[in-house]
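**Student:** Got a predicted model here, sequence first, then my questions.
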Amino acid sequence: MKVLITGSNGQLGSEIKELSSQYNKLECIFKDLPELDICDAESLNSFIIGQDIDAVINCAAYTAVDKAEENFEIANRVNVTGVSNIVEVLEKINGKLIHISTDYVFDGNSSEPYKELDKVNPIGVYGETKRTGELFVIGSNIDSIVIRTSWLYSSFGNNFLKTMLGLGSEKDSLNVICDQIGSPTYAKDLAKTCLDILSRSEQLSEKGKVYHYSNEGAASWYDFAISIMEFSLINCKVNPIQTEDYPALVKRPKYSVLNKTKIKEDFKIEIPYWKDSLKKCIVKLEK
């Protein structure tokens, strides 16, 4: 199976690239800007059809949550138009799609882990555009799934883990939000799940089904930061603060823990605990 990974230079795409050699059934092709623009329907069609692509893992997204408020057109172009372009060409060739989405489609007002069929209510442009992109996949006529994830970090790219490691090495203390709860997710774990599902292609025979994937457990950003300092042996005091003490252009979901029962049952996968995966990522970064 020839698999196109879009947004291949991001956290998830980079993790897929590193793992892909372990999957003999998959021939992975990695593309990102400027080589391939999913927003350019004509060039995307030419590439996918010309290269005989069988499946796409769409990791491309506009993920700058605050900047999206001021750059709706760009966010919409990538998160909506780009997704619809992928769906349209895959419908022509009967291709398969794994599309990555986000916990930001929820408003965060729940008190228990969100299930796939729970009501969505995005509270910002980023979440709104990602939800609209989801709907193109859900309404498509191809074998496709949407995987919503949360709080992604990796040894690649820019993320909360790397920010905390950098600041923790420079400062004696940091203030970190303690009243937003979610599940830190190691992009390598999600990458493995995507490749596992595609390599057993008979399992990807659903029309736009939605799944949730994050590492097991729940934490606040404060908890996450405390663990980063502890596992990295960095002597930096982390102080808990409230969301209202940290000004931002857009609200974040206060609670966005995802229920993973469905993906575990349907694809028979085991999901690591967030602290175990964090330790592995920090060890990799320290090598």
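**Tutor:** Received the coordinates, thanks. Numbers count the residues shown, from 1 in each chain.
**Student:** List the contacts of the closest residue to Asn94 other than its chain neighbours.
**Tutor:** Ranked by CB to CB, 6 or more residues apart in numbering and with sequence neighbours excluded, the top spatial neighbour of Asn94 is Ile142, at 6.9 Å. Any C-beta I mention is one placed from the backbone N, CA and C, and that applies to glycine too. Ile142 is in contact with 87, 90-91, 94-97, 207, counting by CB atoms under 8 Å, 6 or more residues apart in numbering.
**Student:** need those in JSON lines with neighbour count, distance to Ile38 and secondary structure, can you?
**Tutor:** Putting these into JSON lines (neighbours: other CB atoms under 10 Å; distance: CB to CB, whole Å; DSSP: H, G, I helix; E, B strand; the rest coil) gives the following:
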{"residue": "Val87", "neighbour count": "24", "distance to Ile38": "11", "secondary structure": "helix"}
{"residue": "Leu90", "neighbour count": "25", "distance to Ile38": "12", "secondary structure": "helix"}
{"residue": "Glu91", "neighbour count": "14", "distance to Ile38": "15", "secondary structure": "helix"}
{"residue": "Asn94", "neighbour count": "10", "distance to Ile38": "19", "secondary structure": "coil"}
{"residue": "Gly95", "neighbour count": "23", "distance to Ile38": "14", "secondary structure": "coil"}
{"residue": "Lys96", "neighbour count": "23", "distance to Ile38": "16", "secondary structure": "strand"}
{"residue": "Leu97", "neighbour count": "24", "distance to Ile38": "12", "secondary structure": "strand"}
{"residue": "Lys207", "neighbour count": "13", "distance to Ile38": "21", "secondary structure": "strand"}
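**Student:** Angles on the backbone of the residue nearest to Asn94, please.
**Tutor:** Dihedral angles of Ile142 (phi, psi; degrees, to the nearest 10) stand at phi -120, psi 160.
**Student:** same check, this time on the one 4 residues further on
**Tutor:** The phi and psi values for Val146, taken as degrees, to the nearest 10, are phi -100, psi 130.
**Student:** per-residue pLDDT, it?
**Tutor:** Here the pLDDT value assigned to Val146 is 97.
**Student:** Quick one: low-confidence residue ranges for the stretch 101-250 of the chain.
**Tutor:** 201-203 (pLDDT under 70).
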